[in-house]
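Engineer: fold the following.
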Amino acid sequence: MKKIFLSISLLLAGLCSCTTNQTAQQAGLTLSGLNPANFETTADGTKPVKLYTLKNKSGMEVCITNFGGRIVSIMVPDKHGKMTDVVLGFDSIADYMKLRNDFGASIGRYANRINQGKIVLEGREIQLSKNSSGHSLHGGPKGWQYQVFEASQKNDSTLLLTMNSADGDNNFPGNVTAHVTYTLTSDNSIDIQYDATTDKTTIINLTNHSYFNLNGDPSKPATDNILYIAADSITPIDSTFITTGEMMAVTGTQFDFNTPTTIAPRVSQFENEQLKFGNGFDHNWVLRTKGDISKLAAKLTSPATGISLEVYTNEPGLQVYTGNFLNGKVKGKKGIAYPQRAAVCLETQHYPDSPNKPQWPSPLLKVGETYHSRCIYKFSCEK
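Structural biologist: Got it, this is the predicted structure:
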């Protein structure tokens, strides 16, 4: 009898979800309830900005704006079959432009921090723009998250974004042409591929900065989620968030997620100096996957919805950020205020401040070379 009631409940939930979806589509809205008209504008005088929608045969939907190459919404089914939006963001392009934020962005030229914004290339010291405690963060004060990508939607499931970054962009050297290709696959994965070339020796480190809330309820912290990371060490930071150049073993610490563990009991244990420095988790894990895209790098699961997110990458590191500096003042989609730790970011990357740490994998890009990075966010549901 219980099985019959459960089946009926799931059927009703599915029917309800279908009705809501049909109503939204009839009103010209996306499955996630976004109005594409609210994303149409121009930036920097002449560059058109739009909202692009990717779909697959499984019914999954991903909405992306070419302003900052940002993922605005991701709709996936929960354990009851209800389509659920699992990322933070805004309902209109005006908020993305007005409020300083990294929600869903394609970060460049260099994701994460560079110590005092200084790098040395071919014997020449270069001073980059500073924007975080005297350091360069996420490409500087006008990184790519605040610039417009050229967009070309190849089909229902693929979007190609192109950034032509001029020599001197935020003081980075070289004219760089970069491509970010978003592909929504049939197995509910978002396959993100980054490619870049330069006409002058430079550095590059690209990532996606989506704020995931797999509970589908960003009005509450997402730290009840269960996290797995395939890593035996992190790159510790100082009080200004700059990596020290050391490797710190995670065994016996709050940073050991080799066994899937709920985030909440650990994230505020500030007796650990690293957690105090980061105001929670805001650190780079040294992945054990060693660039093998077929190996699981990390996994996040919501017990509430059953939604899981697996991360695969060819990058050596993963920055995990638990929304420590969200404070309830920013209102996102549907007018919801985002409290502290309302989301978890899983950013594939080269290690922070790698240009100044020669012992680490190099982010150097030379003339004639092609930078290539790949990140797969694979969604599934555990019932």
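
Engineer: confidence-wise, which helix or strand of this protein is lowest on average?
Structural biologist: helix 2-26 (a mean of 50; mean pLDDT, DSSP states H and E).

Engineer: give the next helix or strand downstream of it.
Structural biologist: Counting by DSSP states H and E, the next helix or strand C-terminal to helix 2-26 is strand 41-43.

Engineer: that next one pairs with which strands?
Structural biologist: strand 47-49 (antiparallel) (DSSP bridges).

Engineer: list the buried residues of the partner strand.
Structural biologist: Of all the residues in strand 47-49, those buried under the rule 16 or more other Cβ atoms under 10 Å are residue 49. All C-beta spots, glycine's among them, are computed from the backbone N, C-alpha and C.

Engineer: convert the C-alpha atoms of the very next helix or strand once past it to CSV, please.
Structural biologist: Per DSSP H and E, the first helix or strand lying C-terminal to strand 47-49 is strand 51-55. The C-alpha trace of strand 51-55 is given here as CSV (Å, rounded to 0.1, in the frame of the first residue of the first chain):
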residue,chain,number,x,y,z
LEU,A,51,19.9,35.1,-22.7
TYR,A,52,20.6,31.8,-24.4
THR,A,53,18.7,28.5,-23.5
LEU,A,54,20.2,25.0,-23.9
LYS,A,55,18.0,21.9,-23.6
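
Engineer: can you pull out the residues in contact with strand 51-55?
Structural biologist: For strand 51-55, the external contacting residues (Cβ atoms under 8 Å, 6 or more residues apart in numbering) are 30, 34, 36, 38-40, 61-66, 72, 93, 151, 153, 156-159, 182-184.

Engineer: repeat the analysis, applying 10 Å as the threshold.
Structural biologist: Residues outside strand 51-55 that contact it (Cβ atoms under 10 Å, 6 or more residues apart in numbering): 30-32, 34-40, 60-67, 70-75, 92-93, 151-153, 155-159, 161, 182-184, 190.

Engineer: of those residues, buried ones?
Structural biologist: By 16+ other Cβ under 10 Å, these give 30-32, 34, 39, 60-67, 70-75, 92-93, 151, 153, 157, 159, 161, 182-184, 190 as buried.

Engineer: inside strands: which ones of those residues?
Structural biologist: Among these, the residues falling in strands (DSSP state E) are 61-65, 70-75, 151, 153, 159, 161, 182-184, 190.

Engineer: so what pairs up with the closest residue to residue 315 other than its chain neighbours in the strands?
Structural biologist: Nearest non-adjacent residue to residue 315, counting by Cβ to Cβ, 6 or more residues apart in numbering: residue 348, 4.3 Å away. The partner list for residue 348 in beta bridges (DSSP bridges) reads residue 318.

Engineer: residue 348 contacts residue 319, correct?
Structural biologist: Yes - using Cβ atoms under 10 Å, residue 348 is in contact with residue 319, at 8.1 Å.

Engineer: okay, and the common contacts of these two?
Structural biologist: Common neighbours of residue 348 and residue 319 (Cβ under 10 Å, 6+ apart) are 111, 207.

Engineer: which of the two has more residues huddled nearby?
Structural biologist: residue 348 (27 against 21; other Cβ atoms under 10 Å).

Engineer: can you pull the contacts of the more buried one?
Structural biologist: With Cβ under 10 Å, 6+ apart, residue 348 has these contacts: 111, 192, 194, 206-208, 287, 297-298, 311-319, 373-377.

Engineer: what do you get if the cut-off is 7 Å, keeping everything else the same?
Structural biologist: 207, 311, 313, 315, 318, 375 (Cβ atoms under 7 Å, 6 or more residues apart in numbering).

Engineer: ok, residue 353 next?
Structural biologist: 113-115, 242-243.

Engineer: same check on residue 187?
Structural biologist: residue 378.

Engineer: please report how far it lies from residue 73.
Structural biologist: Distance, residue 187 to residue 73, by Cβ to Cβ, to the nearest Å: 19 Å.

Engineer: surely residue 380 and residue 306 touch.
Structural biologist: No - with contacts counted by Cβ atoms under 7 Å, residue 380 stays clear of residue 306, the gap being 8.9 Å.

Engineer: and the closest residue to residue 105 other than its chain neighbours, how many neighbours?
Structural biologist: Among residues not flanking residue 105 along the chain, residue 145 sits closest, at 3.5 Å (Cβ to Cβ, 6+ apart). When neighbours are counted by other Cβ under 10 Å, residue 145 registers 22.

Engineer: quick one: secondary structure of residue 145?
Structural biologist: helix (DSSP: H, G, I helix; E, B strand; the rest coil).

Engineer: among the contacts of residue 348, which pair sits farthest apart?
Structural biologist: 207 and 311 (11.4 Å; Cβ to Cβ).

Engineer: neighbour count for those two, which is higher?
Structural biologist: More crowded of residue 207 and residue 311, by other Cβ under 10 Å: residue 207, with 28 against 23.

Engineer: what's across from that one in the sheet?
Structural biologist: Going by DSSP bridges, residue 207 forms beta bridges with residue 107.

Engineer: how many other residues sit next to residue 165?
Structural biologist: With other Cβ under 10 Å as criterion, residue 165 counts 23.

Engineer: that one is in contact with residue 109, isn't it?
Structural biologist: Yes - applying Cβ under 7 Å, one finds residue 165 in contact with residue 109, separated by 6.4 Å.

Engineer: so where do the strands sit in the stretch 101-250 of the chain?
Structural biologist: 105-107, 113-114, 118-121, 124-127, 136-137, 150-155, 158-165, 176-184, 189-198, 202-203, 207-209, 226-229, 231-235, 248-249 (DSSP state E, counting those that start in this stretch).
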